[in-house]
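1. My questions are about this predicted structure, shown below with the sequence.
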Amino acid sequence: ARMAGGPRIFYTPHGHVFHSYYGPPLTRMFIALERLAARFTERIVVLTDAEADQHLAVGVGRRGQFVKIPSGVDLAAVQAEAAGGARVRRELGLAGDAPVIGAVARLVPVKGLRYLVEAMPGILRRCPDAHLVLAGDGDERPALERLARDLTIADRVHFLGFRRDAAAVTAALDVFVLPSLNEGQGRVLVAAMALGVPVVATKVGGVPEVVEDGRQGLLVPAADADALAQAVTAVLTRPEYAAALGAAGRGRAPLFSSEVMLSRHAELYRNSSPCD
């Protein structure tokens with residue numbers, strides 16, 4: 001962009017690959033390239049303050065370069081799909097009162113889904129009728145299916161594969177779980193909150209800036225199946241608490257809407273000065 005003579009250069013990484021994705025040599029190469037590119041960039045648009053801090057911690061960019069703009073979610077589209085939740089339950093043969101937890105995510109190691117599957121035996125001890133729904137696909141699916149069989153819970157874990165009706169799947173849940181090892185923001189959390197579904201997520205990346213622990217959901221350490229089981233059962237066994245978390249989520253979701261994202265981008269473009 002600099003060689004082409006662009007008067008302003010903005011870069012939106014939407015997360016980073018500084019850990020939990022590739023091995024050390026490739027990660028070091030990516031960091032070196034990011035450091036170099038930051039020298040020619042006027043503004044670096046990040047999703048959360050945590051993402052800016054993570055860039056700065058590895059020497060990428062300067063504090064004044066970073067601008068926080070959320071990855072906006074089309075809340076109207078999410079709400080329009082909500083009625084499909086009952087259909088998804090019927091499709092899976094689940095009773096209307098069966099406790100259902102689940103995630104919508106790529107089935108890859110960084111999403112931490114193995115810890116959610118490992119949490120299911122503990123959840124079933126407290127909530128014996130519970131089911132786990134995983135919507136999404138990826139290279140880790142065979143390993144997750146094998147893990148469910150090894151834990152003798154295969155009949156309680158439903159692998160849906162890639163779904164175009166992700167919001168309908170989310171609406172079918174009693175608790176939405178995102179057990180990621182690293183997460184830039186977590187758009188799926190915003191969708192769950194918009195639908196009034198209480199969430200349990202790991203305290204990584206920008207997640208704590210989306211979900212306030214104890215208000216819209218519960219946050220737990222990453223890679224901790226026992227903590228996930230305890231948090232999920234704490235929500236499932238307390239209906240009034242779950243309803244309060246869901247209501248708080250509805251109130252917070254608009255902060256991460258597509259309208260907010262577009263407005264802040266427009267403001268950034270209007271107010272930015274040319275590159276030095």
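-> Thanks, I have the structure now.

2. Tell me the spatial nearest neighbour of residue 193, not counting adjacent residues.
-> residue 249 (3.1 Å; C-beta to C-beta, 6 or more residues apart in numbering). C-beta: built from backbone N, CA, C; applies to glycine.

3. how close does that neighbour sit to residue 198?
-> To residue 198, residue 249 is 7 Å away according to C-beta to C-beta, to the nearest Å.

4. how about the helices in this structure?
-> Assignment of helices within the chain using DSSP state H yields the ranges 24-38, 49-57, 75-81, 85-92, 113-126, 141-150, 166-171, 187-194, 207-210, 225-236, 239-252, 258-271.

5. residues shared between the contacts of residue 249 and residue 198?
-> 216-217 (C-beta atoms under 8 Å, 6 or more residues apart in numbering).

6. contacting residues around the residue lying closest to residue 89 once chain neighbours are set aside?
-> Distances taken as C-beta to C-beta, 6+ apart put residue 172 closest to residue 89, at 5.0 Å, once the chain neighbours are dropped. For residue 172, the contacting residues are 84-86, 88-89, 92, 94, 100, 102, 133, by C-beta under 8 Å, 6+ apart.

7. Of these, grab the buried ones for ChimeraX.
-> Here is the ChimeraX command that selects the buried residues among these (16 or more other C-beta atoms under 10 Å):
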select :84,85,88,89,94,100,102,133
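
8. Could you pull up phi and psi at the closest residue to residue 112 other than its chain neighbours?
-> Spatial nearest neighbour of residue 112, chain neighbours left out: residue 179 (3.8 Å); criterion: C-beta to C-beta, 6+ apart. Here is the backbone geometry of residue 179 (degrees, to the nearest 10): phi -100, psi 30.

9. what's around residue 179, how many residues?
-> Here the number of neighbours of residue 179 (other C-beta atoms under 10 Å) works out to 27.

10. can you pull the pLDDT of it?
-> Predicted confidence (pLDDT) for residue 179: 98.

11. In contact with it, which residues?
-> By C-beta under 8 Å, 6+ apart, the residues touching residue 179 are 103, 111-113, 115-116, 201-202, 222, 228.

12. one more time with 7 Å
-> With contacts defined as C-beta atoms under 7 Å, 6 or more residues apart in numbering, residue 179 is in contact with 112-113, 115-116, 202, 228.

13. I'd like to know which of these is nearest to residue 161.
-> Nearest to residue 161 among the contacts of residue 179, counting by C-beta to C-beta, is residue 113 at 13.7 Å.

14. what number of residues lie near that closest one?
-> 27.

15. Near residue 150, how many other residues are there?
-> Residues near residue 150, counting by other C-beta under 10 Å: 10.

16. Relative to residue 129, how far out is it?
-> From residue 150 to residue 129 the distance is 22 Å (C-beta to C-beta).

17. what's the answer for residue 246, then?
-> 20 Å.

18. try residue 225
-> Taking C-beta to C-beta, one finds residue 225 at 20 Å from residue 129.

19. picking up where we left off before, put together CSV for the helices of the chain, with distance to residue 11 and mean pLDDT on each row.
-> Output for those, formatted as CSV (distance: least, C-beta to C-beta, whole Å; pLDDT from 0 to 100):
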stretch, distance to residue 11, mean pLDDT
helix 24-38, 7, 93
helix 49-57, 11, 94
helix 75-81, 27, 96
helix 85-92, 38, 95
helix 113-126, 30, 98
helix 141-150, 33, 98
helix 166-171, 28, 98
helix 187-194, 20, 98
helix 207-210, 20, 96
helix 225-236, 34, 98
helix 239-252, 28, 98
helix 258-271, 12, 94
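
20. Those: which one's closest to residue 68?
-> Of the helices of the chain, nearest to residue 68 by C-beta to C-beta is helix 49-57, at 6.1 Å.

21. So for the closest one, what gets flagged as buried?
-> The neighbour-count check on helix 49-57 (16+ other C-beta under 10 Å) flags 50-52, 54-55 as buried.

22. neighbours around residue 27, how many?
-> Residue 27, neighbours per other C-beta under 10 Å, totals 17.

23. and it, what is it in contact with?
-> By C-beta under 7 Å, 6+ apart, the contact list for residue 27 reads 17-19.
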